[in-house]
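**Q** I would like the atomic coordinates for the input below:
(2 chains)
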Amino acid sequence: MATAIKWIIGLIIIAALAWLAWWSGWFGGAPAAPEPVAPTQTTTTPAPTPVQNTNGMSAPTDTSDAALDQDAAAVDTQAQGLQTDSQSVDASMSDKPIVQ
Amino acid sequence: MTKHTLVSSISSVTLAAALLAPVAAFAQTNTAAATETVTTTAAPTSVTAPAPGTSGLTTKQKAAATKAEQEIDRRVAALNDLNTRVQAMQKVTDAFKQSLTTNIQNQISALTALRAKIAADTDATTLKADIKSITDSYRIYALVLPQARIAAAADRSKTVADMLTTLGTKLQQRISTAQTSGADVAALTTALADLSTKVADISAQAQAAVSVSASLTPDGGDKTKMAANAAALKTAHADIQTAQKDIAAAQKDVKTILAGLKKATPATPATATTTTQ
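**A** Just a heads-up that it's a prediction; the model follows:
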């Protein structure tokens, strides 16, 4: 009787150890619980930085009628500036020293 | 109908490199000018603030001194105006602009010092020598000023060419869209092709103007060289004027295309609304 009880207790212990080993994954046991993933911070895509327009030109990708008119006007302004530059060249070439 | 592609303009690097050439000449001539105008006769004996000539000068000599001061004032004003224009140049590096500014400032400083010296001259010999230095430095001034002005005009021409290139690309897209919608874009395509040709020539003329004037050096009194410099500057100016004509023609092409695109864009039909009772 005592021997039987000992056998039973021993079997229980062995079973418990086996279960523990299985749970620990020694025998390819229970799949590991998924590790908590740190929540990703969702951010909205920032608005693109407006392209710095030079000389009064509109945005490079803007092909609207208003943009084209703006660009044509910007070219007109620079053309007038070139007229001034050309007159300055002419004046500088016509410069004569004051006779002492 | 195949798409028309714009001819790419001359790179800004090329023009900037060519525009850098006059820096060396400009620096050398202005350094020489600074040296030339300051190195005169004996140092002034007076250590006080400059004052008008005293009884050591005749009335005629005092008038000559006044005239010399006016001549210096005129040049300083022209150099200050040139400096302002140089700061507005867009197709050159900041280092190039700074170099030009430094040379201009050196020239202004030298002229200002000379003016103060003339104002303080008390003897005819010194005054005569100082006035002569203005005339001697004029040979440099007469080259440097138009040379820098031509560089500024060429810079502006290249800026316009780049602006027209950007505008032309947009017009090309709009023409393609109109063509896809079934519009007749033959005239617009022709105008666009002409625009492309003009843009290429604007850059070429600007480059030519800089190339012909950048390597010029002061004549130092040599009349043959003086004539050659004058002819080269005239040629450079003519190149700028040709660029101006190209720009005017390009602007006309742009207006033609814009008007055609607005006609080609179908009007939004009015929507009829009905109410049910």
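
**Q** which helix or strand contains A:Trp23?
**A** When elements are assigned from DSSP states H and E, A:Trp23 belongs to helix A:2-24.

**Q** for that helix, packing partners?
**A** For helix A:2-24, there is no helix or strand it packs on, judged by 3 or more C-beta pairs under 8 Å, 6 or more residues apart in numbering or on different chains; DSSP states H and E. No exception for glycine: its C-beta is placed from N, CA and C like everyone else's.

**Q** mind listing what's buried in it?
**A** Neighbour counts over helix A:2-24 (16 or more other C-beta atoms under 10 Å in any protein chain shown) mark no residue as buried.

**Q** stretch B:248-255 now?
**A** Buried residues in stretch B:248-255, defined by neighbour count with 16+ other C-beta under 10 Å: B:249-251, B:253-254.

**Q** those also near chain A: which ones?
**A** Among these, the residues that sit close to chain A (C-beta under 8 Å from any C-beta of the partner chain) are B:250-251, B:254.

**Q** which residues sit in contact with A:Gln80?
**A** By C-beta atoms under 8 Å, 6 or more residues apart in numbering or on different chains, A:Gln80 lies in contact with nothing.

**Q** re the thing from before, so of the ones next to chain A among the buried residues of stretch B:248-255, which ones are in helices?
**A** Secondary structure assignment by DSSP state H places B:250-251, B:254 of these in helices.

**Q** for chain B, where's the lowest mean pLDDT among helices and strands?
**A** helix B:12-38 (a mean of 39; mean pLDDT, DSSP states H and E).

**Q** gap between whichever helix or strand comes after that one and the chain center?
**A** Following helix B:12-38 in sequence order, the next helix or strand is helix B:59-87 (DSSP H and E). On the basis of C-alpha atoms, centre = their mean, to the nearest Å, helix B:59-87 sits 21 Å off its chain's mean C-alpha point.

**Q** report the mean per-residue pLDDT for the biggest helix by length in chain A.
**A** Determined from DSSP H, the single longest helix within chain A is helix A:65-94. For helix A:65-94, the mean per-residue pLDDT is 95.

**Q** got the buried residues for that helix?
**A** Buried-residue list, helix A:65-94, by 16+ other C-beta under 10 Å: A:67-68, A:70-72, A:74-75, A:78-79, A:81-82, A:85-86, A:88-89, A:92-93.

**Q** near chain B, from these?
**A** Within these, those near chain B by C-beta under 8 Å from any C-beta are A:67-68, A:71-72, A:74-75, A:78-79, A:81-82, A:85-86, A:88-89, A:92-93.

**Q** between those residues, which is closest to B:Lys67?
**A** Here the nearest of these to B:Lys67, counting by C-beta to C-beta, is A:Ser92; it sits at 21.0 Å.

**Q** residues contacting that closest one?
**A** By C-beta under 8 Å, 6+ apart, the neighbours of A:Ser92 are B:78, B:145-146, B:149.
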